[in-house]
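Peer 1: based on what follows, work out the 3D shape:
(one chain, ligands or ions: 1)
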Amino acid sequence: MIIVWTILAAVLGVIVGSFVNVVVFRTKTDEAFWKGRSKCRTCEVPISPIDLVPVLSYFALKGRCRSCSATIEWQYPAVELITGVMFGVLFARAALGIGVPDWIDGSEWLALFVRDAVMSVFLLIIFVYDFKYSYILDRFSIPAIILAIVFNLALGADAINLLLGGLFIGGFFAFQFLVSSGKWVGGGDIRMGMLMGFLLGVSNGVLALFLSYILGAIFGIILILTKKRKLDSQVPFGTFMAAATLITMILGPYMLEWYLGFFS
Ligand SMILES: [Zn+2]
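Peer 2: Predicted structure coming up:
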C-alpha cells in the first residue's frame, strides 16, 4: 500500500513542480500566478491544455513550442521531475519513519510529510530562482521562515533549539554582512541562514551550513574544470544553501551520526 501512496505523492509532486515553474517565471516578469493561461515565452501564443501535461508534454513536443518551434527551457521538465521524485521520497521517508528527527512523534508522520513537502517547495523555488537570476527574494524566504517555525512548534520541536539555530546561522551571515558592508554576503543570505536554523535546529542547521560550502566548492571545481566559468565569476550561494537545507532536512540525522562516528 505504501508503494501506491508513494507513487501518488510523486504524481502530486510533478503537478506541484509545474506550479513551481509558473511561480519562478511569473515572479520574474511580475505577473500574477493565478491569472491567465500560460503562454509561449517566445511567440506568446497561449499553450493548449494538451501541451500543459507536466513532463510528458515536453517530451511529446520534443522540447519545442507547437506554434513557433522555439526551444522550451529544460528547466520545465527538470523541475517537475525533481519535485515528483522529492515528494515520493519525502512520503516514503515519513511513512516508513526513516531518518525522522528524534523530537517528532512517530504517529505524526503524515504531518511530517506535509511539513517536508511544503518546505521543499519553498526551498526549490528559492533554489531555481537564485540559480537563474542570482537573487534570493524575501517574498519566498520570509514566509518559509515563518512556516518552518509554525510547523516545527506544532510538531513539538524545542523552541530554544530553533531560536538558537536561527539566530546563530542568521547571525553568522549578518556578521559577515556588517564587517564587509554587504560585499561578501547579501541580505538574502542572512534570511536563508535563519531559515536553515529555524527549520533544522542548531546541530543540523550547522551541518547544512557546512554542506552549502562543500556543495559550492564541488560545483565551483566542476565549472573550472569544464571551463564553463572563470574563477572570479559568481555562483549564487543561495542555490547551495537551499540544496543543503533540503538534503539535511531529509538526511540530517544520518549525516550527523556518520560525522560524529569519526570522533568515537
Ligand atoms: Zn512559441
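
Peer 1: contacts, neighbours, all on C-alpha from now
Peer 2: OK.

Peer 1: surely residue 151 and residue 117 touch.
Peer 2: No - using Cα atoms under 8 Å, residue 151 is not in contact with residue 117, being 11.4 Å away.

Peer 1: more neighbours: which of these two?
Peer 2: The neighbour comparison of residue 151 against residue 117 (other Cα atoms under 10 Å) goes to residue 117, with 22 against 19.

Peer 1: let me know how buried the single nearest residue of the stretch 51-200 of the chain relative to the ion is, in neighbour terms.
Peer 2: Nearest residue of the stretch 51-200 of the chain to the ion: residue 68, at 4.1 Å (Cα to the ion). A total of 12 residues lie near residue 68 under the criterion other Cα under 10 Å.

Peer 1: my guess is it is in a strand, correct?
Peer 2: No - going by DSSP: H, G, I helix; E, B strand; the rest coil, the assignment for residue 68 is coil, not a strand.

Peer 1: give me the distance between residue 67 and residue 36.
Peer 2: 19 Å (Cα to Cα, to the nearest Å).

Peer 1: ok, these two, which is more surrounded?
Peer 2: The residue with more neighbours, out of residue 67 and residue 36, is residue 67; 13 against 9, by other Cα under 10 Å.

Peer 1: where exactly do the helices run in this protein?
Peer 2: In the chain, the helices defined using DSSP state H lie at 2-28, 56-60, 75-96, 109-133, 138-154, 159-179, 187-225, 237-260.

Peer 1: how about JSON lines for the ones you listed, with mean pLDDT and distance to residue 44 added?
Peer 2: What follows is the helices of the chain, written out as JSON lines (pLDDT from 0 to 100; distance: least, Cα to Cα, whole Å):
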{"stretch": "helix 2-28", "mean pLDDT": "94", "distance to residue 44": "14"}
{"stretch": "helix 56-60", "mean pLDDT": "93", "distance to residue 44": "17"}
{"stretch": "helix 75-96", "mean pLDDT": "95", "distance to residue 44": "17"}
{"stretch": "helix 109-133", "mean pLDDT": "95", "distance to residue 44": "21"}
{"stretch": "helix 138-154", "mean pLDDT": "96", "distance to residue 44": "27"}
{"stretch": "helix 159-179", "mean pLDDT": "96", "distance to residue 44": "41"}
{"stretch": "helix 187-225", "mean pLDDT": "93", "distance to residue 44": "32"}
{"stretch": "helix 237-260", "mean pLDDT": "89", "distance to residue 44": "29"}
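
Peer 1: same list (those helices) but as TSV, adding distance to residue 102.
Peer 2: TSV is the format used below for the helices of the chain (distance: least, Cα to Cα, whole Å):
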stretch	distance to residue 102
helix 2-28	22
helix 56-60	39
helix 75-96	13
helix 109-133	12
helix 138-154	12
helix 159-179	13
helix 187-225	12
helix 237-260	8
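
Peer 1: can you redo the ones you listed as a markdown table with distance to the ion?
Peer 2: As requested, the helices of the chain are exported to a markdown table (distance: least, Cα to the ion, whole Å):
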| stretch | distance to the ion |
| --- | --- |
| helix 2-28 | 16 |
| helix 56-60 | 13 |
| helix 75-96 | 15 |
| helix 109-133 | 21 |
| helix 138-154 | 29 |
| helix 159-179 | 43 |
| helix 187-225 | 32 |
| helix 237-260 | 29 |
